[in-house]
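Novice: Got a predicted model here, sequence first, then my questions.
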Amino acid sequence: MILGKRINDEIKAGFQIKTYLRRNGLSIADKSTEFNKPLAHKKYMAKVSVIIPAYNSARYLLEAIQGVLHQTYQDFEIIVVDDGSADTTEEIIEGFIKEYPSKIRHIYQKNRGPAAARNRAMQAAKGEFIAFLDADDVWYSDKLEKQVYVLEHHPEAGFVYCDSNFIDAESNPIQNYFRKTKILNGDILIELFCNHFIMTPAVMLRKSCLNQTGLFDENLTVGEDYDFFLRLAYYYKARSIDEILWSRRVLNESLSRADFILDARNDLNTLKRFMMLHREFYKKNRDLVQDRLAKYHFSLAYNCLEHGKNIIAFNNLVSSVCYHPTLKAFKNILFCCVPLWLRRKLQRHVTNPQQVDYA
């Protein structure tokens, strides 16, 4: 009886080993080497899917991917979507894949913009969590670790975000360029509607949230992130980390007011579309919504005045007055009748140019 029990136990143990090997695509001859392999080489479903859209990003992509690979938290996959690049972006991605074949996936598509690139990656993502990174930005080494910890310990939250600093083209810190992120928890929809303070690489979300929010709007060439995060904040609560965990690269052309005008127009359209789709939000927060739209139109008008675009400035000032009439808005309507060269001359006669108050 004892011998028979021993044989049965050995048969059972052998069956369990064979089952393990079969599930992992191994043969009996492989078992001695398989159990000695590092955990990183075993087949697994990554906890986090890191999504990087790349378009002609060869100059900075290397640093971006290295920043992910050097994370203190290693249970992740990287999905790089080459959005029809014409430079050496593809060669850089393939070089990383040769060195880290189990960590990185490469998807190529014809140029369709960042929204389509992120959507393609999200549809292919296998992780429970999704984290975004732009190809010219850089994460701090503990970003994933801290954000995964927050989502695991706060099941009520759909997403988590953090603060950032700014770097130039050579990765040097920019000391005089600030955009403070509001550190809030819970329902942040109203604050987010009033101030676009969340940037894409700051966010990690649960993939399950996409069932409710949908994907990025591919019809938007810019501002697709604000549109997506408004939907995310509408349906889900947030958690935040009051730490700088990534660096946003600001190139010279990104600092121009011309870019602000384009971004402001798209953000305005995003706000108005959100307001139309969620009428109950507008009815509940009517005064706040109108004040927000008035200030946005006014800010856009100010930047148009700075570029000599007086007609566009005039139209936006009129819109600002319609939403929320203020003396400052009426005063600046008069500035639309003053040529840019004359406004510049007036500024030179003031000790502090900011005293010429358009905004």
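Specialist: The structure has been received and is ready for your questions.
Novice: so how far is Val48 from Met199?
Specialist: 18 Å (Cβ to Cβ, to the nearest Å). In this view, the C-beta of every residue, glycine as well, is placed from N, C-alpha and C.
Novice: now Glu306
Specialist: When distance is defined by Cβ to Cβ, Glu306 is 42 Å away from Val48.
Novice: Tell me which stretches of the stretch 101-250 of the chain form helices.
Specialist: Under the criterion DSSP state H, counting those that start in this stretch, the stretch 101-250 of the chain contains helices at 114-124, 143-153, 189-194, 210-213, 224-235.
Novice: Low-confidence stretches in the stretch 201-350 of the chain?
Specialist: Scanning the stretch 201-350 of the chain for pLDDT under 70 picks out the ranges 252-259, 338-350.
Novice: repeat that for 90
Specialist: Along the stretch 201-350 of the chain, segments meeting pLDDT under 90 span 220-223, 250-269, 296, 299-313, 326-350.
Novice: The stretch 51-200 of the chain now?
Specialist: For the stretch 51-200 of the chain (pLDDT under 90), the answer is 174-182, 195-196.
Novice: Quick one: residues contacting the nearest residue to His196 once chain neighbours are set aside.
Specialist: In space, and not counting its chain neighbours, His196 is closest to Tyr226: 5.1 Å by Cβ to Cβ, 6 or more residues apart in numbering. Counting by Cβ atoms under 8 Å, 6 or more residues apart in numbering, Tyr226 touches 196, 266-267, 270.
Novice: what about 7 Å?
Specialist: By Cβ atoms under 7 Å, 6 or more residues apart in numbering, the contact set of Tyr226 is 196, 267, 270.
Novice: Can you name the residues that contact the nearest residue to Leu189 once chain neighbours are set aside?
Specialist: Ranked by Cβ to Cβ, 6+ apart and with sequence neighbours excluded, the top spatial neighbour of Leu189 is Ala233, at 4.4 Å. Contacts for Ala233 (Cβ under 7 Å, 6+ apart) come out as 188-189, 192.
Novice: what ranges do the strands span in this structure?
Specialist: For the chain, the strands defined by DSSP state E cover 48-54, 76-83, 104-109, 129-132, 138-139, 157-167, 204-206, 237-249.
Novice: what's the angle from the third one to strand 76-83?
Specialist: Think strand 104-109. 20 degrees (axes from the mean of the first three to the mean of the last three Cα atoms, to 10 degrees).
Novice: Compute the inter-axis angle for strand 104-109 and strand 48-54.
Specialist: Going by the same axes, to 10 degrees, strand 104-109 makes 40 degrees with strand 48-54.
Novice: Single out the most deeply packed of the strands of the chain.
Specialist: strand 48-54 (a mean of 26; mean count of other Cβ atoms under 10 Å).
Novice: helices and strands around that one, which ones?
Specialist: Strand 48-54 sits against helix 58-69, strand 76-83, helix 114-124, strand 129-132, with contacts defined as 3 or more Cβ pairs under 7 Å, 6 or more residues apart in numbering; DSSP states H and E.
Novice: Could you point out which of those sits nearest Ile183?
Specialist: strand 129-132 (18.5 Å; Cβ to Cβ).
Novice: That closest one pairs with which strands, and in what direction?
Specialist: Partners of strand 129-132 in the sheet, by DSSP bridges, are strand 48-54 (parallel), strand 204-206 (antiparallel).
Novice: of all the ones you listed, which lies closest to His70?
Specialist: Nearest to His70, of those and by Cβ to Cβ, is strand 48-54 at 12.5 Å.
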